[in-house]
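>>> everything below, folded, please.
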Amino acid sequence: MRARFRHRLLKVRYTMVLAATVLASPPLARGGFADSGGEAPSGWVVGWGGTSVLPGFAPDTHFIQIAAGWGHSLAIKSDGTVAAWGRNAEGQCNVPEGLRDVMGVAANIHHSLALRADGTVVAWGANEYGQISVPEGLGEVVAISAGMWHSLALKKDGTVVAWGDDDVSQVSVPEGLADVNAISAGRFHNLALKQDGTVVAWGSNAYGERIVPAGLSNVKAIAAGGLHSLALKTDGTVVAWGRRDERQCNVPEGLSDVVAIGAGYAHSLAIKADGTIVAWGRVWANLNDMPEGLDDVKAVAGGGYFSLALREDGTVVAWGEYEEAEANMPVGLRGVKAIAAGYSHYLALKQDGTLVAWGSDNYAQCRPSPAPTAVQAISVGNWHSLALKEDGTVFAWGSDPYGLHASEVPEGLSAVLAVAGGYGHSVALKSDGTVAAWGDNSYYQCRVPGGLRDVTAIAAGSFHSLALKHDGTVVAWGWNSAGQAAVPAGVRDVRAIATRGIHNLALTKDGTVLAWGANYSGECNVPEGLTDVQAIAAGVDHSLALRADGTVIAWGANDAGQCSVPEGLKGVVAIAAGGKRSLALVLEEPPRPPAFSTPVTIGVAGVRLSLATPAQASYSVEASTDLLHWTNIFSATLPAGPNTVLDPEYDDTGCRFYRAVRLP
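Numbering: from 1, shown residues only. Presented below is the predicted three-dimensional model:
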């Protein structure tokens with residue numbers, strides 16, 4: 001293995017950095033983890049689906065560029081690959097396999113574009129108007145932009161190429177257009193910024209979006225929204241024109257010191273020199289409610305009803321509205337031992353017994369007061385949340401618009417082993433094998449069948465409830481509109497159950513999955529040959545299965561990408577399915593102890609490898625891709641005390657692990 005390192009020996013405070021290997025998941029026990037005889041291991045959370053909702057990338061993921069479509073998002077990772085999340089009905093999030101060396105991305109309603117370092121363009125998603133049919137031989141491209149059903153490319157020579165729908169002449173590039181520095185595609189119109197600081201527009205003009213203000217000059221950046229246009233001038237001011245019915249063209253009075261702009265369908269964004277964001281337009285969609293502390297932004301992108309911001313540290317923040325205004329999953333959420341997904345809000349139970357909540361909070365379902373402690377299990381309903389405490393009592397919070405009382409725990413309820421939240425009701429399993437239920441009972445979902453005993457697990461759907469008995473049979477009661485409360489004959493030898501909307505899943509002892517109830521989106525179409533399943537989760541109209549090898553299988557509705565399991569996801573130990581979103585808990589394990597008799601320190605590529613040496617000694621610095629096969633990179637004599645043997649500036653060799661081994 002050839003390796004080229006820039007290495008320096010630096011004295012720093014002692015920092016031990018360990019790289020973890022991800023092993024196949026152990027058999028699951030209550031809470032998602034195997035019983036190790038001690039404290040359960042912790043993990044980090046990955047999420048996918050939704051629009052403005054980030055999919056919970058690994059904590060060390062960094063991005064260099066972002067793009068927002070109508071309902072999906074793209075981001076270029078620091079390694080030149082592309083991450084995609086959100087709506088995927090037309091495959092707009094299905095990044096082509098092997099796509100690398102990407103330097104630019106663009107997205108609109110149903111298609112995505114990527115610009116590679118070699119000046120070529122790759123496109124995927126819907127193609128009903130030829131919007132992903134990249135012209136043959138197109139090369140030397142330096143910038144791209146995506147319209148609703150058309151695409152643009154700016155070439156190195158300053159000319160523009162367009163393809164796709166031309167219904168309003170949006171791909172009819174003005175004759176003689178040259179010396180272009182930047183391009184931006186709106187819904188049906190386009191903007192081009194010329195080298196002399198003037199702007200050219202073509203395409204639709206339904207609201208004046210194509211009529212560049214007379215005398216506009218000294219422009220340094222442009223952004224085309226749905227049906228409006230923005231220009232950033234060299235003096236740091238912003239000019240807007242086009243549709244203004246949602247105030248998307250009402251530039252805030254006195255706005256100055258702007259360094260970058262972005263436009264969504266009906267809202268506008270500006271980054272100021274101090275790294276803060278100013279937003280205007282479409283105020284009802286929470287687009288002006290930026291996350292707190294967002295003051296180090298270097299790029300913004302506007303989508304249909306949401307916004308993205310790229311921070312200086314390479315992380316991405318999203319906000320806006322998607323159905324119930326699901327908020328960002330906390331970036332780098334680690335130390336988690338259990339997860340729960342509701343229709344539009346989510347809970348994570350941390351190793352220390354505390355909770356993290358995110359998502360829709362219109363009924364305080366993410367704000368327990370006081371915050372419960374010593375929590376051992378969690379569940380969420382549509383507008384409420386449940387926490388099972390270590391003393392067997394239940395704490396509930398949140399409310400609802402209909403007075404269903406799902407968060408009003410019955411007085412004296414104790415000795416509880418498990419909880420489950422439905423649309424407007426709650427269910428609890430007691431230590432004596434009986435079941436208690438409270439809240440909405442309009443479909444008798446809280447009328448527990450008389451004599452029901454020997455229950456080992458429970459689940460709550462929209463308006464029905466499930467119980468798994470010790471003998472492996474399932475009992476259901478409540479609303480039966482699609483057969484969800486009528487357990488099919490032959491459902492037996494069951495070891496786990498799941499429901500969320502109006503369909504049910506049952507995991508049998510042989511590792512196969514059964515499904516019944518509503519099947520409007522294929523949520524009951526269990527993939528043929530699915531075996532070795534360890535856990536199941538049911539969303540409103542999609543289903544998840546966790547296999548013994550730590551991978552996740554999804555089926556059912558995928559309109560928001562909830563079934564688009566992230567590529568390469570493995571090491572999963574627990575899953576949860578919500579309304580339009582899915583979650584997975586990935587195990588954090590320490591590396592296997594290396595089989596060496598000499599002291600060893602293991603570090604991760606791209607992170608400092610530091611160690612404290614008790615006395616001056618010679619060390620071999622080695623690299624590996626698998627923790628099994630090691631190759632010497634260089635050798636060095638280290639003085640006594642804290643040392644850094646690799647700093648972040650070395651050239652990458654493609655290895656994941658590094659170690660320093662003391663020589664005899």
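>>> please state the backbone phi and psi of the nearest residue to G225 once chain neighbours are set aside?
Nearest non-adjacent residue to G225, counting by CB to CB, 6 or more residues apart in numbering: A263, 3.4 Å away. For the C-beta atoms, the positions are set from N, CA and C on the backbone; glycine is no exception. Backbone torsions of A263, given as degrees, to the nearest 10, read phi -140, psi 130.
>>> tell me, how many residues neighbour A263?
27 (other CB atoms under 10 Å).
>>> confidence score at it?
Looking at A263, its pLDDT reads 94.
>>> that one: what's it in contact with?
184, 186, 223-226, 228-230, 248, 269, 302 (CB atoms under 8 Å, 6 or more residues apart in numbering).
>>> the residues you listed into a markdown table, with extra columns for pLDDT, distance to A318 and neighbour count?
Formatted as a markdown table, the contacts of A263 follow (pLDDT from 0 to 100; distance: CB to CB, whole Å; neighbours: other CB atoms under 10 Å):
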| residue | pLDDT | distance to A318 | neighbour count |
| --- | --- | --- | --- |
| S184 | 97 | 21 | 28 |
| G186 | 96 | 21 | 28 |
| A223 | 97 | 18 | 27 |
| A224 | 97 | 21 | 26 |
| G225 | 95 | 18 | 27 |
| G226 | 94 | 19 | 27 |
| H228 | 97 | 22 | 29 |
| S229 | 97 | 24 | 31 |
| L230 | 97 | 20 | 28 |
| Q248 | 94 | 19 | 27 |
| L269 | 94 | 12 | 29 |
| G302 | 88 | 11 | 28 |
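>>> bridged to G320, which residues?
Bridge pairing for G320 (DSSP bridges) gives the partners F306.
>>> and it, how far from E408?
According to CB to CB, to the nearest Å, G320 stands 33 Å off from E408.
>>> what's the nearest residue to D559 if we skip its chain neighbours?
Spatial nearest neighbour of D559, excluding adjacent residues (CB to CB, 6+ apart): A89 at 5.1 Å.
>>> and the one you found, how close does it get to D245?
For A89, the distance to D245 equals 27 Å [CB to CB].
>>> more crowded one of these two?
A89 (16 against 12).
>>> the more buried one contacts Q562, doesn't it?
No - counting by CB atoms under 8 Å, A89 stays clear of Q562, with 11.2 Å between them.
>>> which element, helix or strand, includes V259?
V259 belongs to strand 258-263 when assigned by DSSP states H and E.
>>> so how far is V238 from the residue nearest to G225?
11 Å.
>>> returning to what we had before: run through the neighbouring helices and strands of whatever helix or strand comes next after the strand holding V259.
Per DSSP H and E, the first helix or strand lying C-terminal to strand 258-263 is strand 268-272. Counting by 3 or more CB pairs under 8 Å, 6 or more residues apart in numbering; DSSP states H and E, the packing neighbours recorded for strand 268-272 are strand 228-233, strand 238-242, strand 258-263, strand 277-280, strand 297-302.
>>> now with 7 Å, please.
When contacts are defined as 3 or more CB pairs under 7 Å, 6 or more residues apart in numbering; DSSP states H and E, strand 268-272 packs onto strand 258-263, strand 277-280, strand 297-302.
>>> can you dump the C-alpha coordinates of that strand into PDB?
This file holds the C-alpha atoms of strand 268-272, laid out as PDB (Å, rounded to 0.1, in the frame of the first residue of the first chain):
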ATOM      1  CA  SER A 268     -36.500  34.300   0.100                       C
ATOM      2  CA  LEU A 269     -33.300  33.900   2.100                       C
ATOM      3  CA  ALA A 270     -30.200  36.100   2.700                       C
ATOM      4  CA  ILE A 271     -27.000  35.400   4.500                       C
ATOM      5  CA  LYS A 272     -25.400  38.500   6.200                       C
END
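>>> what sits against the closest residue to G539 other than its chain neighbours?
In this structure, G539 finds its nearest non-sequential neighbour in A577, 3.3 Å apart by CB to CB, 6+ apart. A577 is in contact with 341, 500, 537-539, 542-544, counting by CB atoms under 7 Å, 6 or more residues apart in numbering.
>>> where does the prediction get shaky in the stretch 551-664 of the chain?
For the stretch 551-664 of the chain, the stretches with pLDDT under 70 are 588-614, 624-630, 641-659, 664.
>>> can you give me the strands in it?
With DSSP state E, counting those that start in this stretch as the criterion, the stretch 551-664 of the chain has strands at 552-556, 572-577, 581-587, 600-604, 609-613, 617-624, 631-638, 641-646, 657-662.
>>> give me the phi and psi for R311.
When read as degrees, to the nearest 10, the backbone of R311 gives phi -90, psi 160.
>>> what is it paired to in the beta sheet?
Legend: beta-bridge partners of R311 under DSSP bridges are V297.
>>> quick one: contacts for it?
Going by CB under 7 Å, 6+ apart, the list of residues near R311 reads 296-298, 317.
>>> drop anything exposed from these.
For those, a burial check counting by 16 or more other CB atoms under 10 Å picks out 297-298, 317.
>>> of those, which one scores lowest on pLDDT?
V317 (79).
>>> can you classify that one as helix, strand or coil?
Classification of V317 by DSSP: H, G, I helix; E, B strand; the rest coil places it in strand.
>>> so it makes contact with G293?
No - with contact defined as CB atoms under 7 Å, V317 does not reach G293; the gap is 9.5 Å.
>>> got a list of what V199 touches?
Shown in contact with V199 (CB under 7 Å, 6+ apart): 191-193, 212, 216, 219, 222, 231.
>>> flag the shaky bits of the stretch 251-400 of the chain, pLDDT-wise.
283-290, 321-332.
>>> which residue ranges of it form helices?
Per DSSP state H, counting those that start in this stretch, the stretch 251-400 of the chain carries no helices over any range.
>>> count the neighbours of N250 for me.
N250: 12 neighbours (other CB under 10 Å).
>>> you'd agree it is up against W280?
Yes - the criterion here is CB under 7 Å, and N250 meets it with W280 at 5.8 Å.
>>> what residues does stretch 144-164 touch?
Residues outside stretch 144-164 that contact it (CB under 7 Å, 6+ apart): 104, 106-109, 111, 113, 115, 121, 123, 129-131, 133, 135, 138, 140-143, 165, 170-171, 173, 177-180, 183-188, 190, 192.
>>> over to stretch 100-118?
Residues outside stretch 100-118 that contact it (CB under 7 Å, 6+ apart): 65, 67-70, 72, 74, 76, 80-82, 84, 90, 92, 99, 121-126, 131-132, 141, 143-148, 151.
>>> pLDDT on it, on average?
The average pLDDT within stretch 100-118 is 94.
>>> start and end of it, how far apart?
Using CA to CA, to the nearest Å, one end of stretch 100-118 lies 11 Å from the other.
>>> any buried residues in that stretch, and which?
Within stretch 100-118, the residues that qualify as buried are 102-116, counting by 16+ other CB under 10 Å.
>>> out of the residues you listed, which sit inside strands?
Under the assignment DSSP state E, the buried residues of stretch 100-118 contribute 102-107, 111-116 to strands.
>>> among the residues you listed, which two are most distant?
Maximum pairwise distance among those (CB to CB): 18.8 Å, between M103 and H111.
>>> and the closest residue to T354 other than its chain neighbours, its phi and psi?
Spatially, and ignoring its direct neighbours in sequence, T354 is nearest to T373 (6.8 Å; CB to CB, 6+ apart). According to degrees, to the nearest 10, the main-chain angles of T373 amount to phi -120, psi 170.
>>> fine by me, we can end here.
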